[in-house]
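1. here is the input, now give the coordinates:
(4 chains)
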Protein chains: 2
Amino acid sequence: MQDKITRILKAIADPTRREIFHALVVASTALPITQISNLFDISRQGVTKHIKTLEEAGLIHISNKGRERFCYANAEPLMEVNKWLKFYEKFWDNAIGNLESYLDDKA
Amino acid sequence: MQDKITRILKAIADPTRREIFHALVVASTALPITQISNLFDISRQGVTKHIKTLEEAGLIHISNKGRERFCYANAEPLMEVNKWLKFYEKFWDNAIGNLESYLDDKA
DNA sequence: TATATTTGCAACCATGTAGTTGCGTATTAA
DNA sequence: TTAATACGCAACTACATGGTTGCAAATATA
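-> Below is the predicted model of the structure:
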């Protein structure tokens, strides 16, 4: 597709994918695809597609075991988003932002 | 479209929109649309569409002045993303994450 | 007043995407 | 060995999206 941060942001920009990711994070154990898809209204194939997108963003890892594919969440790529956000942090509250950039200038 | 966080995430998921937003943030002054579009290879109308998306996400504010529309960046909606990320922070480094959730349990 | 500039609106195109169904295959259970 | 389960692949549909061009309206300048 495109660059890393874009892949990650596109992955989490979809509400269903955020839900799938969240379900896996809180499960804190690996879940096979069918079991994940049972948690949602959409078809297994629909869920599979979302999982593929999440996997390409690095937010899910998969390990095969027999006929099942166990998915588990990996939040690490979200660091990338956090890093991107970090720069704008000083701007989202102008008062604090102006103070900080003032201090940055002094430092 | 859909809910707030989704609008924001979709807005920043596009690399061109991230660039436009960034240009406005660092400009630290309001810029009319034509001037913004001169910074990019795509047409003015293409930029206008991106600006509309950014505005709907709250990341840009616009004030009309004569025939010109001055756009300025507003990073505040990114707080929403930061808040969403916050929950997963404890998971993206497992070692620290496990320690923190251990401490959370104790608290 | 005539002309140039800034913009919005609408139509259009190509591609991406969220979702579906159908089918074949590998693995497990009876 | 037969039946059930978990899955991938492919085709298809509907709609969203990133981008374009053309044109008309409002404002500013000559």
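
2. so does stretch A:19-39 get close to DNA strand C?
-> No. Stretch A:19-39 is not in contact with DNA strand C by CB under 7 Å from any atom of the strand; minimum separation 8.7 Å. Placement of C-beta: from N, CA and C, glycine included.

3. and that stretch, average pLDDT?
-> In this model, stretch A:19-39 carries a mean pLDDT of 97.

4. cool, and stretch A:46-61?
-> In the prediction, stretch A:46-61 has an average pLDDT of 98.

5. then stretch A:81-99?
-> The average pLDDT for stretch A:81-99 rounds to 80.

6. tell me the pLDDT at whatever residue of chain A ends up closest to DNA strand C?
-> Here chain A gets closest to DNA strand C at one residue, residue A:66, 2.2 Å apart by CB to the nearest atom of the strand. With respect to pLDDT, residue A:66 has a value of 96.

7. domain assignment for chain A?
-> A:4-76, A:78-107 (automatic domain parsing).

8. just to revisit the earlier point, mind checking how far the residue of chain A closest to DNA strand C is from residue A:32?
-> Per CB to CB, to the nearest Å, residue A:66 is found 10 Å from residue A:32.

9. repeat for residue A:51
-> 11 Å.

10. between the two, which contacts overlap?
-> Both residue A:51 and residue A:32 are contacted by residue A:71, under the criterion CB atoms under 8 Å, 6 or more residues apart in numbering or on different chains.

11. on that earlier part again, could you check which of residue A:66 and residue A:32 has the larger neighbour count?
-> Neighbours were counted for residue A:66 and for residue A:32 using other CB atoms under 10 Å in any protein chain shown; residue A:32 has more, 16 against 7.

12. and for residue A:76, the neighbour number?
-> Applying other CB under 10 Å, we find 14 residues neighbouring residue A:76.

13. tell me the SS of it?
-> Counting by DSSP: H, G, I helix; E, B strand; the rest coil, the backbone at residue A:76 sits in coil.

14. can you confirm residue A:25 is in a helix?
-> Yes. Counting by three-state DSSP, residue A:25 is part of a helix.

15. chain neighbours aside, what residue packs nearest to it?
-> Computed as CB to CB, 6 or more residues apart in numbering or on different chains, the closest residue to residue A:25 that is not its neighbour in sequence is residue A:73, at 4.4 Å.

16. ok so, going back, quick one: closest of the domains of chain A to residue B:8.
-> In terms of CB to CB, the element of the domains of chain A nearest to residue B:8 is domain A:4-76, at 8.8 Å.

17. ends of the closest one, what's the gap?
-> 13 Å (CA to CA, to the nearest Å).

18. same deal with stretch A:24-36?
-> One end of stretch A:24-36 to the other measures 8 Å (CA to CA).

19. same thing with stretch A:39-47?
-> So stretch A:39-47: terminal residues 10 Å apart, CA to CA.

20. how about the strands in chain A?
-> With strands called from DSSP state E, chain A shows them at A:31-32, A:60-65, A:68-73.

21. about what we covered before: quick one, which of the domains of chain A gets closest to residue B:57.
-> Among the domains of chain A, domain A:4-76 comes nearest to residue B:57, with 10.9 Å by CB to CB.

22. lovely, talk soon.
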